[in-house]
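In: the following comprises the amino acid sequence and a computationally predicted model.
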Amino acid sequence: MKLIIAFIRPEALQDVKTKLYAQELYSLSVTNVLGAGQQKGYTEAYRGIQTEVNLLKKIRLEIGVAEEKVEQAIKAITEGAHSGQAGDGVIFVLDVARTLRIRTGDPI
């Protein structure tokens with residue numbers, strides 16, 4: 001089993017979910033986060049004071065998938081989140097040592 005963690009733009013969430021559901025990947029966790037990367041941020045003025053905003057709103061997706069579904073999940077996330085500009089996001093794939101269903105204690 002693998003854990004896929006993806007950081008994407010908030011506006012890409014619906015497209016990513018649609019692509020994942022099309023691949024029959026329904027189990028995911030979504031968290032609102034702030035982050036910095038190649039996108040760098042932007043400068044804005046508030047009451048006449050210039051402020052640099054370098055922590056931008058992002059969405060963190062966590063998806064647990066079987067080995068044979070990893071490439072499908074990566075493709076779905078990439079297709080749904082891709083705009084071709086800096087800040088589209090990043091995907092991490094991690095090994096999962098053990099998974100258990102809480103209700104029954106059975107391995108998944």
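Out: The structure has been received and is ready for your questions.

In: may I have the phi/psi pair for Glu24?
Out: Backbone geometry at Glu24, expressed as degrees, to the nearest 10, gives phi 60, psi 40.

In: could you point out the helix or strand that follows the strand ranked longest in the chain?
Out: Counting residues, the longest strand in the chain under DSSP state E turns out to be strand 56-65. Scanning forward in sequence from strand 56-65 by DSSP states H and E, the next helix or strand is helix 70-81.

In: got the angle between that next one and strand 56-65?
Out: 150 degrees (axes from the mean of the first three to the mean of the last three CA atoms, to 10 degrees).

In: which strands and helices lie in contact with helix 70-81?
Out: In this structure, helix 70-81 packs against strand 2-8, helix 13-22, strand 56-65, strand 89-95, with contacts taken as 3 or more CB pairs under 8 Å, 6 or more residues apart in numbering; DSSP states H and E. Just so you know, the C-beta spots here come from the backbone N, C-alpha and C atoms, and that holds for glycine as well.

In: of all those, which one is nearest Lys75?
Out: Nearest of these to Lys75, taken as CB to CB: helix 13-22 at 8.0 Å.

In: quick revisit: residues in contact with the longest strand of the chain?
Out: With contact meaning CB atoms under 8 Å, 6 or more residues apart in numbering, strand 56-65 is reached by 1-10, 12-13, 16, 20, 25, 27-36, 39, 41, 72-73, 77, 87, 89, 96, 99, 108.
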